[in-house]
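Asker: Starting from these lines, generate the structure:
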Amino acid sequence: MPKSAVKFTFAVIADTHVILDKEADTSPYPVNGLATKRTKWVVEDLNTQNPDFVIHVGDIVRPFPSLPSFREACDLARQTFSELDCPVHFLPGNHDIGDKPIACAPAPTITEEFLEMYEEHFGDHYSSFDKGDCHFVLLNASIMNSGLPQEAIQKAWLVNDLRVASGRRVFVFIHYPPFLAEPDEQSNYDNIDEPCRSELLKILSEHNAEALFAGHVHHFFYNKFEGADFYYLPSTSFARHDFSELFHMEPAAEFGRNDAEKLGYALVDVYEDRHIVRLISSDGRLANGSGNKGEHRRDLPVHPRERLNLPIGVQLRHAWNETRALPHNNPLDEFTRKLARNDYPILATWQTGLTHLRVPIDDLRDVATRRRVEALVGMGQKIMVMNFGYPDPATLKLFSSCQAIVDSIEIILPDVSRDDDGRHLRELRRAYGGKIHLAVLSSSAHSVDGISRSFGHSTQFGFHTEDPGELEEFQSKHNALLELVDGLSFRIDIDDPVWPHLIEIEKLSAQFGKIAVIHLNNFNRSSAVPQFDDQLIANRTILATIGAYAMSRGIIMFDTLMDIDRAHYPRHGLIDRRGNFRLPAIYLRNLLPTLSRDGGNSTIQLGEVLEIGDWLSARFSRDNEAFVLVMCRKPDPSAKWPEVFPELSQHEICVDLSGQASQSQNTPTAASACLLIQTSAAAVTEFDG
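Answerer: As a prediction, this is how the structure comes out:
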């Protein structure tokens, strides 16, 4: 999507919790003392992004208004945000005006005195403004259900404000989320209580709100409510450690409170017909005092809503719509079970631009998950549903009812009998009008002689190029099936060189006139030997991604999104079980903006991959552009890349895929593990390693 299509850009930050240095040691958690420096880093970074304005959704400061340090903390916050090169709009959080009215509140609740103190420092506690054809509404959540006079005043104002703004696109900002998982959930510390919750949701629905942004939870959550996108944003300062219960592994530092990789802010591009929210990770970095003034906006992560239809996807092996009951535990929810959902797997696909998502048919059978699938499709993602064997009548009916949200179906068949005349596939064709792909299963149970030197317990699917006659033999026996499908599934195993296999798959795809669905497997052949080499997996992921752009009709599916760290074939994925990026995801996030700069419409020509000591170099070209990909093969190479590749010291653009240097600096460190170097065609031709 060309940047010219963006009408304007704004940023949203949440829960900065600015704190005075002299009070940093008053908290039992050391990470709280980093909040102000982390906020200053975000301010510096925002100045490199050049948004039109910034909206802060509350908890601006750490001390409550009842504390003597509140006013001084507010002054520090105002001073910190005065460094922004654009306007900033504030709304209050519970730390700024008091907790919402709740009998078990762990802190002072809202009062008129607290409201006056807030307005003294930050202005109106609710407000609105326009930008183009968009209307921005900032609300005070703590006052809802309070019974204070300002509650009724705000409600009447909101109804009238939205009436006057009729016909404009409506964006709403509030501190407390209306709900965490479901609109009818019971009251808890992190939602808006009834009756104001239902009243607010009704008003937003009546005025066709496009999006709502909230804070308070210090984590990312996403909901879809009657056409509106609800984004609950991470903090810039620290994570809420009670939500660490969502992740199937031990918590990060300080019991999960210093899970720094989850910190950041949102950058929102507004287009004529939609908006795109990108979560910019701060990783808990601290301000360096440079201010980063004068830098141009750097390339941002590609997002599926850009509708680029990138030829890459991922298997969602883990449950990705899982709602869990958190332990009831003081001081926040001592007496109730709070339900929340882990949305970090889906966020990772948005942050890495992964368009295609592969899920089992079970995900469509669950009504709640099916609603979430609809939301992902609205985000521009394409759903591939796999079904083992031919679908039964109930599944055929399900596929028929889900045509609007299912982009393709992958049918995995066990040994195909010779008398399979395609009747079942024709039934599927009649029920479902989308793309159908075919894969054939093989397993240790189907060995030729039934004799093995070791215990066999394995399955695999997809054609493999090590046996080029396999597909021809299948055609000779089952041509009727091939004529009924749009695509064929292939696999590339862990010890296969990626580009040579992609080139052979492309030939087979053209020969048979089929789409190639290519599963990039990152597990070892032995189910008991783990594959935890992040560098190897990252290098294969990047080579496969570039190779996907070289294919005329191919989609590469990465295996797996999240780590498999138990059961058979343990292996690392793109993210760990906390939802934090592993090296392959970092590489993807930094590579795709370059590959997609022209909308991803130009085909790449693959060159040669060379092994040179601890390094790999891979050459490719696109139109009149030439590139060299330099990849380290192990974390600590014996020689640094400038020593191994002195020919590449003169380059036009150098993108450090590991993120150790910004593109604007163009000066990656010698230890950078993966570089995409754009140089002249002559330089690449002369380069021989």
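
Asker: is it true that residue 287 touches residue 44?
Answerer: Yes - the pair residue 287 / residue 44 is scored as a contact, 5.8 Å apart, by Cβ atoms under 8 Å. C-beta here means a position set from N, CA and C on the backbone, and glycine is covered the same way.

Asker: got a list of what residue 171 touches?
Answerer: Residue 171 makes contact with 134, 135, 136, 137, 209, 210, 211, 212, 213, 275, according to Cβ atoms under 8 Å, 6 or more residues apart in numbering.

Asker: Of those residues, just the buried ones, ChimeraX syntax please.
Answerer: Written as a ChimeraX command, the selection of buried residues from these, which uses 16 or more other Cβ atoms under 10 Å, is:
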select :134,135,136,137,209,210,211,212,213,275
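
Asker: Can you pull the domain assignment for the chain?
Answerer: The chain breaks down into these structural domains: 3-297, 338-597, 606-686 (assignment by automatic domain parsing).

Asker: Okay, now the unreliable bits of the stretch 551-689 of the chain?
Answerer: Where the stretch 551-689 of the chain drops to pLDDT under 70, the residues are 599-601, 650-652, 660-667, 679-689.

Asker: tally of neighbours for the nearest residue to residue 656 once chain neighbours are set aside?
Answerer: Counting by Cβ to Cβ, 6 or more residues apart in numbering, residue 656 lies nearest to residue 668, which is 3.9 Å off, once chain neighbours are set aside. The local packing of residue 668 (other Cβ atoms under 10 Å) involves 24 other residues.

Asker: do you know how far residue 668 is from residue 280?
Answerer: With distances taken as Cβ to Cβ, to the nearest Å, residue 668 is found 20 Å from residue 280.

Asker: what's the answer for residue 24, then?
Answerer: Note on residue 24: its distance to residue 280, by Cβ to Cβ, is 25 Å.

Asker: Please apply the same query to residue 360.
Answerer: As defined by Cβ to Cβ, residue 360 lies at a distance of 33 Å from residue 280.

Asker: Pick out whichever of those two has more residues nearby.
Answerer: Higher neighbour count among residue 360 and residue 280: residue 280, with 17 against 14, using other Cβ under 10 Å.

Asker: hang on, that one packs against residue 45?
Answerer: Yes - Residue 280 is within contact range of residue 45, at 7.1 Å (criterion: Cβ under 8 Å).

Asker: which stretches of the protein have low pLDDT?
Answerer: When residues are selected by pLDDT under 70, those of the chain lie in 1-4, 289-298, 417-418, 444-457, 599-601, 650-652, 660-667, 679-689.

Asker: Go again with 50.
Answerer: 1-2, 291-297, 448, 450-452, 662-665, 682-684, 686-689 (pLDDT under 50).

Asker: for the stretch 201-350 of the chain, what spans make up the helices?
Answerer: According to DSSP state H, counting those that start in this stretch, the stretch 201-350 of the chain carries its helices in the segments 344-351.

Asker: the strands in it, which residues?
Answerer: Using DSSP state E, counting those that start in this stretch, the strands assigned to the stretch 201-350 of the chain run over residues 211-214, 221-225, 228-232, 264-270, 275-281, 312-315, 323-326, 338-341.

Asker: Equivalent analysis for the stretch 501-650 of the chain, please.
Answerer: Secondary structure of the stretch 501-650 of the chain (DSSP E, counting those that start in this stretch): strands located at 515-521, 554-559, 604-612, 615-622, 625-632.

Asker: now those in TSV, with distance to residue 60?
Answerer: Shown next, in TSV, are the strands of the stretch 501-650 of the chain (distance: least, Cβ to Cβ, whole Å):
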stretch	distance to residue 60
strand 515-521	45
strand 554-559	40
strand 604-612	47
strand 615-622	46
strand 625-632	42
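
Asker: could those go into TSV alongside distance to residue 186 and mean neighbour count?
Answerer: Rendered in TSV, the data for these read as follows (distance: least, Cβ to Cβ, whole Å; neighbours: other Cβ atoms under 10 Å):
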stretch	distance to residue 186	mean neighbour count
strand 515-521	42	25
strand 554-559	39	24
strand 604-612	53	15
strand 615-622	54	20
strand 625-632	51	22
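
Asker: and residue 326, what is it in contact with?
Answerer: Counting by Cβ under 8 Å, 6+ apart, residue 326 makes contact with 242, 243, 245, 246, 333, 337, 338, 339, 340.

Asker: same check, this time on residue 437
Answerer: Residues in contact with residue 437, defined by Cβ under 8 Å, 6+ apart, are 384, 408, 409, 410, 411, 485, 486, 487, 488, 489, 515, 517.

Asker: So it belongs to a helix, correct?
Answerer: No - assigned with DSSP: H, G, I helix; E, B strand; the rest coil, residue 437 falls outside any helix and is strand.

Asker: Look up how far residue 487 lies from it.
Answerer: Spatial separation of residue 437 from residue 487 under the definition Cβ to Cβ is 4 Å.

Asker: can you check residue 127 too?
Answerer: Residue 127 sits 52 Å away from residue 487, taking Cβ to Cβ as the criterion.

Asker: could you measure the closest residue to residue 570 other than its chain neighbours against residue 563, distance?
Answerer: Beyond its immediate neighbours in the sequence, the residue positioned closest to residue 570 (Cβ to Cβ, 6+ apart) is residue 530, lying 3.9 Å away. Here residue 530 is placed at a distance of 10 Å from residue 563 (Cβ to Cβ).

Asker: Quickly list what's touching both of the two.
Answerer: Where contact means Cβ under 8 Å, 6+ apart, the residues bridging residue 530 and residue 563 through contact with each are residue 571.

Asker: The two: which is more packed in?
Answerer: Ranked by neighbour count (other Cβ under 10 Å), residue 530 and residue 563 place residue 563 first, with 21 against 15.

Asker: one step back: for the contacts of residue 437, which one is nearest residue 319?
Answerer: Minimum separation from residue 319 among the contacts of residue 437 (Cβ to Cβ) is found for residue 384, which lies at 17.2 Å.

Asker: Tell me how many other residues surround the closest residue to residue 630 other than its chain neighbours.
Answerer: In space, residue 630 comes closest to residue 675 once its chain neighbours are excluded; the distance is 4.5 Å by Cβ to Cβ, 6+ apart. When neighbours are defined as other Cβ under 10 Å, residue 675 has 22 of them.

Asker: Next: residue 531.
Answerer: The local packing of residue 531 (other Cβ under 10 Å) involves 19 other residues.

Asker: ok, what's across the strand from it?
Answerer: Judged by DSSP bridges, the bridge partners of residue 531 are residue 571.

Asker: before we move on, the earlier item: mutual contacts of residue 437 and residue 487, please.
Answerer: The contact sets of residue 437 and residue 487 overlap at 408, 515, 517 (Cβ under 8 Å, 6+ apart).

Asker: how about a markdown table for these, with distance to residue 170 added?
Answerer: What follows is the shared contacts of residue 437 and residue 487, written out as a markdown table (distance: Cβ to Cβ, whole Å):
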| residue | distance to residue 170 |
| --- | --- |
| 408 | 35 |
| 515 | 40 |
| 517 | 40 |
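
Asker: Touching, the residue nearest to residue 656 and residue 677? I think so.
Answerer: No - using Cβ under 8 Å, residue 668 makes no contact with residue 677, being 9.4 Å away.

Asker: Identify the contacts common to these two.
Answerer: residue 654.

Asker: Does residue 302 touch residue 310 like I think?
Answerer: Yes - assessed by Cβ under 8 Å, residue 302 is found in contact with residue 310 at 6.9 Å.

Asker: joint contacts of those two?
Answerer: Between them, residue 302 and residue 310 share the neighbouring residues 353, 592, 596, with contact defined by Cβ under 8 Å, 6+ apart.

Asker: Return the subset of the residues you listed lying in helices.
Answerer: Among those, the subset assigned to helices under DSSP state H consists of residue 592.

Asker: can you list the shared contacts of residue 302 and residue 310 in JSON lines and add distance to residue 525 and neighbour count?
Answerer: Output for these, formatted as JSON lines (distance: Cβ to Cβ, whole Å; neighbours: other Cβ atoms under 10 Å):
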{"residue": "353", "distance to residue 525": "31", "neighbour count": "24"}
{"residue": "592", "distance to residue 525": "30", "neighbour count": "23"}
{"residue": "596", "distance to residue 525": "34", "neighbour count": "18"}
